[in-house]
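1. Kindly return the folded structure for what I paste below:
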Amino acid sequence: MASQGEIAAVEVYTTNEPAMAKQIEYKGMLLVSKVKSRNMFSDIGSGLKSLVGGEIKGLSKLTADIREELLWELKEKAVEAGANAIVGLRMETNSIFEGVLDMVVFGTAVHFER
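-> Residues are numbered from 1 along each chain as shown. Sure, this is the predicted structure:
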């Protein structure tokens, strides 16, 4: 199992190659996903907030939390694959039904040298 330091050191890019990379070895596609729901009290507050407009903080926090969890999991998988970066990062969020979010994060694991 990878150490937290190794996982944290994995660089993440939305581009197709790391910045200033001289040599790149592709390790394969990585994919992680998660489905989560808010709690009942958050749903009630969100319903009221949607009537008057504005940010729905419970949903914003849920989305941010899921995103961070999935990025960490993706970095873990990258280390296990022998990579030190993830390129071509993409995220997709879907609402399955009221208060339930499905988020998918994927990219390509690479090992590169500068």
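
2. hang on, Ile96 packs against Asp102?
-> Yes - under the criterion of Cβ atoms under 8 Å, Ile96 makes contact with Asp102 at 5.3 Å. From N, CA and C alone the C-beta is placed, and that goes for glycine too.

3. anything in contact with each of these two?
-> Shared contacts of Ile96 and Asp102 (Cβ atoms under 8 Å, 6 or more residues apart in numbering): Val35.

4. Can you pull out the low-pLDDT segments for the protein?
-> Low-confidence segments of the chain (pLDDT under 70): 38-54, 56, 99.

5. Scan it for its longest helix.
-> Criterion DSSP state H: the longest helix present in the chain is helix 57-80.

6. Only C-alpha atoms, please: export that one in PDB.
-> The C-alpha coordinates for helix 57-80 follow below in PDB (Å, rounded to 0.1, in the frame of the first residue of the first chain):
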ATOM      1  CA  LYS A  57     -24.400  24.900   0.700                       C
ATOM      2  CA  GLY A  58     -25.200  21.300   1.600                       C
ATOM      3  CA  LEU A  59     -25.000  20.200  -2.000                       C
ATOM      4  CA  SER A  60     -21.900  22.300  -2.600                       C
ATOM      5  CA  LYS A  61     -20.200  20.700   0.300                       C
ATOM      6  CA  LEU A  62     -21.200  17.200  -0.700                       C
ATOM      7  CA  THR A  63     -19.900  17.800  -4.200                       C
ATOM      8  CA  ALA A  64     -16.600  19.200  -2.900                       C
ATOM      9  CA  ASP A  65     -16.200  16.300  -0.400                       C
ATOM     10  CA  ILE A  66     -16.800  13.700  -3.100                       C
ATOM     11  CA  ARG A  67     -14.400  15.400  -5.500                       C
ATOM     12  CA  GLU A  68     -11.600  15.400  -2.900                       C
ATOM     13  CA  GLU A  69     -12.200  11.700  -2.000                       C
ATOM     14  CA  LEU A  70     -12.100  10.600  -5.600                       C
ATOM     15  CA  LEU A  71      -9.000  12.600  -6.400                       C
ATOM     16  CA  TRP A  72      -7.200  10.900  -3.500                       C
ATOM     17  CA  GLU A  73      -8.400   7.500  -4.600                       C
ATOM     18  CA  LEU A  74      -7.300   8.200  -8.200                       C
ATOM     19  CA  LYS A  75      -3.800   9.200  -6.900                       C
ATOM     20  CA  GLU A  76      -3.700   6.000  -4.800                       C
ATOM     21  CA  LYS A  77      -4.400   3.900  -8.000                       C
ATOM     22  CA  ALA A  78      -1.800   5.900  -9.900                       C
ATOM     23  CA  VAL A  79       0.900   5.000  -7.300                       C
ATOM     24  CA  GLU A  80      -0.200   1.400  -7.400                       C
END
